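Okay, sequence plus prediction incoming.
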Amino acid sequence: MRVLVIGSGAREHALALALRKDPAVTEVTVAPGNAGIAQHVDVRAVNASSGEEVVALAQELAADLVVIGPEVPLVLGVADAVRAAGIPAFGPSASAARIEGSKAFAKDVMKVAGVRTAHSEIVDHPGELDAALDRFGPTWVVKDDGLAAGKGVVVSPDRSVAREHAAELLENGHPVLLESFLDGPEVSLFCLVDGENVVALLPAQDHKRVGDGDTGPNTGGMGAYTPLPWLPEQTLTAIVEDVVKPVAAEMVARGVPFSGLLYAGLAIGQGGPAVVEFNCRFGDPETQAVLAMLDSPLAELLYATATGTLDQVAAPRWKDGSAVTVVLAAENYPGRPRSGDIISGAESTGTGTESEVLHAGTAQREDGALVSAGGRVLSVVGQGADLAEARANAYARLSGIKLPGGHFRSDIGLAAEEGRITIPAAV
Ligand code: GLY
């Protein structure tokens with residue numbers, strides 16, 4: 001099987017390495033890829049948001065499967081274009097990708113499907129903002145009602161901070177979503193979905209704030225670990241049965257069946273799991289850890305999803321132990337990250353078991369030097385018999401990587417390792 005992966009992050013690096021391990025896969029190409037991915041597989045230039053360009057490349061490569069990593073091409077209909085050309089695509093149609101691209105659409109699907117989620121209001125005029133803010137609090141959640149790579153979210157107990165963010169979004173012509181705050185530990189559950197067939201992968205937890213102890217602004221994600229020792233099996237089953245399956249069924253019922261990876265982001269609070277958001281693609285940085293634990297052929301699972309035969313493949317098998325992703329970010333991330341800093345010690349083996357380096361914002365200069373070229377520069381993934389060992393392996397590998405101004409969180413997975421994450425007894 002020849003597989004074309006669209007995207008350029010550490011998530012796509014992880015997908016490429018996992019696909020390459022599948023004995024059924026003869027060739028993996030990533031477009032546009034990055035400097036680290038290029039060490040392992042062919043990379044090709046492409047405008048990932050252009051269905052025409054992606055189809056032309058897939059045809060040139062005689063791809064049997066196109067896996068679309070990021071949300072923007074999905075929302076723009078790149079998967080539709082690939083399917084229209086007769087090539088199986090892993091990723092939802094533009095209509096189904098609205099589950100991520102339009103928070104209003106997602107809320108409506110959840111309401112009809114009877115899924116618990118935060119109460120929300122859309123504000124699209126500055127004159128409505130203050131009255132709307134008064135209906136929320138004492139913790140305000142302000143989101144960009146569009147795609148913002150996680151950075152459009154402000155969660156604050158300070159009304160003026162919330163107001164400032166909302167006003168700035170409105171000034172830039174972006175409708176604002178105000179939400180009630182969902183308390184409780186967060187879970188990212190990735191599910192392969194083909195219509196009403198749902199196959200859950202291992203649950204993971206992201207760390208969205210930039211600083212240790214969940215301090216500082218939100219980011220696209222600074223690290224993750226899987227599985228979650230504090231999440232009971234019955235809660236996981238309840239998420240699949242009472243959240244993901246009803247949403248998948250509702251999308252089928254409204255004529256926009258979902259095909260691809262449905263990512264449920266949830267908070268486990270007093271009333272049980274409640275949805276924070278749905279995304280229409282693999283999450284980053286959780287994917288890097290989740291795929292490190294996968295013991296089944298990935299291409300078979302993605303191909304079955306893309307071709308509507310998910311019910312005919314064996315359930316995924318998982319390795320014992322844990323995996324942890326730690327993100328190394330550039331100076332000033334998540335603000336305006338500095339680019340062009342020389343990175344050393346970041347060689348990716350492509351076969352690492354205890355640890356692996358997956359590239360995201362990296363580029364190769366003309367003189368051959370590896371330099372930073374984005375906010376989240378790379379992910380280090382550690383694996384081990386338990387969370388403590390996986391963390392130790394990730395941080396040991398990270399200590400050998402040098403990036404001027406680079407920063408990372410030192411506490412990824414630490415609260416779980418120390419048994420400090422609890423969920424309400426009734427859940
Ligand atoms: N882990 C956050 C995201 O992928 O959106």
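All right, it came through fine.

what pLDDT does the nearest residue to residue 373 once chain neighbours are set aside get?
Spatially, and ignoring its direct neighbours in sequence, residue 373 is nearest to residue 363 (3.9 Å; CB to CB, 6 or more residues apart in numbering). In this view, the C-beta of every residue, glycine as well, is placed from N, C-alpha and C. Note on residue 363: pLDDT of 96.

before we move on, what about the one 5 residues further on?
Residue 368 is assigned 94 on the pLDDT scale.

for the one 5 residues further on, same thing?
You'll see residue 373 listed with a pLDDT of 97.

Same check on residue 14?
On pLDDT, residue 14 comes in at 98.

cool, and residue 150?
57.

can you count the residues close to residue 343?
Neighbour count of residue 343, defined by other CB atoms under 10 Å: 26.

my guess is it meets residue 402, correct?
Yes - using CB atoms under 8 Å, residue 343 is in contact with residue 402, at 7.0 Å.

which bits of the stretch 201-350 of the chain sit near the ligand?
For the stretch 201-350 of the chain, the contact set with the ligand under CB under 6 Å from any ligand atom comprises 206, 221, 279, 283, 284, 286.

out of these, who has the most neighbours?
Sorting those by how many neighbours each has (other CB under 10 Å) puts residue 286 first, at 30 neighbours.

picking that back up, of the residues of the stretch 201-350 of the chain next to the ligand, which belong to helices?
Among these, the members falling in helices (DSSP state H) are residue 286.

Now for the residue in the stretch 251-400 of the chain positioned nearest to the ligand: which residues touch it?
When scored by CB to the nearest ligand atom, the stretch 251-400 of the chain has residue 283 as its residue closest to the ligand, at 3.2 Å. Each residue near residue 283 by CB atoms under 8 Å, 6 or more residues apart in numbering is listed here: 11, 188, 190, 204, 206, 221, 224, 263, 265.

again, but for residue 185
Taking CB under 8 Å, 6+ apart, one finds 205, 230, 267, 268, 421, 422, 423 in contact with residue 185.

can you tell me how far it sits from residue 141?
Residue 185 is 16 Å from residue 141, where distance means CB to CB, to the nearest Å.

Any regions of the chain where pLDDT drops low?
148-151, 426 (pLDDT under 70).

Most remote residue from the middle of it, which is it?
Most distant residue from the mean C-alpha position of the chain: residue 127, 34.3 Å away (CA atoms, centre = their mean).

hang on, that residue is in a helix, isn't it?
Yes - assessed with DSSP: H, G, I helix; E, B strand; the rest coil, residue 127 lies in a helix.

circling back to that earlier point, tell me the one among the contacts of residue 283 nearest to residue 247.
Nearest to residue 247 out of the contacts of residue 283 is residue 263 (CB to CB; 11.4 Å).

If the closest one is in a bridge, with which residues?
For residue 263, the beta-bridge assignment (DSSP bridges) gives partners residue 190, residue 279.

so how far is residue 142 from the residue farthest from the centre of the chain?
Between residue 127 and residue 142 the computed distance is 17 Å (CB to CB).

and what of residue 388?
Residue 388 sits at a distance of 36 Å from residue 142 (criterion: CB to CB).

The two: which is more packed in?
A direct count of neighbours by other CB under 10 Å for residue 388 and residue 142 places residue 142 higher, at 26 against 15.
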